[in-house]
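Engineer: Task: produce atomic coordinates for the following.
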Amino acid sequence: MNSLKDIVDDSSRLATVEDSASIINRLEEGACGYGATHFLATGLPMPNRPLEKLIVRMNWPVNNGSAMPVLMFSPHDPVFQECLTARKPFIWQADLDFEGRVSGDNAQEAASRLVTSVAPSGRVTLVAIPINELHPFQGCVLFAGQNVTLSDRDLLAYEILCQVAFCKLQQSGAVSNNRPGDLSKRERAVIELTATGLTAADIATRLDISQRTVHAHLQNSSDKLNASNKTHTVVEAIRYGQINV
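Structural biologist: Now for the predicted structure:
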């Protein structure tokens with residue numbers, strides 16, 4: 001079990017590391033120390049964008065022992081979707097039958113390729129650490145296995161380590177704030193003001209632009225976020241870390 005001093009010391013040591021590969025190695029080694037056989041560190045894509053170019057480290061074999069193709073990672077996987085909005089780490093456990101299906105009524109786990117790819121049968125534990133404090137970057141660290149064991153303090157220690165690691169990776173340019181499909185600075189400004197209840201006329205006056213331009217920014221933002229109306233656009237902008245309210 002990690003003491004508070006261990007947590008601080010480990011994070012402080014990582015904060016001095018400059019090599020990106022060494023930083024990710026430390027995260028993967030930590031996950032393996034908890035019994036993980038599968039590891040993934042990645043950014044999370046904007047709607048309708050692929051995941052593969054945002055992957056920082058992938059060691060996720062499928063249950064027959066071969067490497068899992070990147071294209072099998074769907075941004076729509078329930079684990080990734082929960083990582084977009086989760087404010088703290090979460091753990092999924094699923095019991096797989098001999099056909100690789102989740103037994104019982106665990107519909108979310110059953111829909112997760114990340115969970116069902118880990119083992120042919122038996123109990124699978126997946127640990128997810130959302131990275132959502134580096135706006136507008138969003139990412140996660142995932143590890144899984146059939147013998148994953150960690151205490152609440154272990155989970156806290158690993159979460160802090162992940163947050164420090166991604167700060168370092170961002171500073172070094174190993175991960176970028178600029179995701180394909182991000183809203184522009186002006187689009188964010190329009191959506192933030194829309195979220196406060198201002199009308200298009202109010203926003204036009206505030207930003208010294210025309211109402212037509214306001215509506216154009218709203219439409220562009222809606223298209224990028226795959227949103228169906230103005231309210232949905234605001235919600236999705238928050239969910240994908242594009243605005244702060």
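
Engineer: After the longest strand along the chain, heading C-terminal, what element do we hit next?
Structural biologist: Using DSSP state E, we find that the single longest strand of the chain is strand 122-134. Once the chain leaves strand 122-134, the next helix or strand it forms, by DSSP states H and E, is strand 137-145.

Engineer: what helices or strands is that following strand leaning on?
Structural biologist: Strand 137-145 is packed against helix 20-33, strand 38-43, helix 78-85, helix 113-116, strand 122-134, helix 152-172, with contacts defined by 3 or more Cβ pairs under 8 Å, 6 or more residues apart in numbering; DSSP states H and E. (C-beta placed from N, C-alpha, C; glycine too.)

Engineer: distance between that strand and the chain's centre?
Structural biologist: The gap between where strand 137-145 is centred and where its chain is centred comes out at 6 Å by Cα atoms, centre = their mean, to the nearest Å.

Engineer: buried residues in it?
Structural biologist: Neighbour-count burial for strand 137-145 flags Phe137, Gln138, Gly139, Cys140, Val141, Leu142, Phe143, Ala144, Gly145 (criterion: 16 or more other Cβ atoms under 10 Å).

Engineer: Tell me which strands that strand pairs with, and in which orientation.
Structural biologist: If you go by DSSP bridges, strand 137-145 pairs up with strand 38-43 (antiparallel), strand 122-134 (antiparallel).

Engineer: how is the chain carved up into domains?
Structural biologist: Domain assignment for the chain by automatic domain parsing gives 4-172, 185-239.

Engineer: okay if I get the ones you listed as a markdown table plus mean pLDDT and distance to Asn178?
Structural biologist: What follows is these, written out as a markdown table (pLDDT from 0 to 100; distance: least, Cβ to Cβ, whole Å):
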| stretch | mean pLDDT | distance to Asn178 |
| --- | --- | --- |
| domain 4-172 | 86 | 9 |
| domain 185-239 | 96 | 11 |
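
Engineer: Looking at those domains, which is nearest to Arg179?
Structural biologist: Taking Cβ to Cβ, domain 4-172 is the member of the domains of the chain nearest to Arg179, at 5.4 Å.

Engineer: Could you check the angle the longest strand of the chain makes with helix 78-85?
Structural biologist: 30 degrees (axes from the mean of the first three to the mean of the last three Cα atoms, to 10 degrees).

Engineer: Pull out the buried residues from strand 122-134.
Structural biologist: Neighbour-count burial for strand 122-134, counted by 16+ other Cβ under 10 Å, picks out Val124, Thr125, Leu126, Val127, Ala128, Ile129, Pro130, Ile131, Asn132, Leu134.
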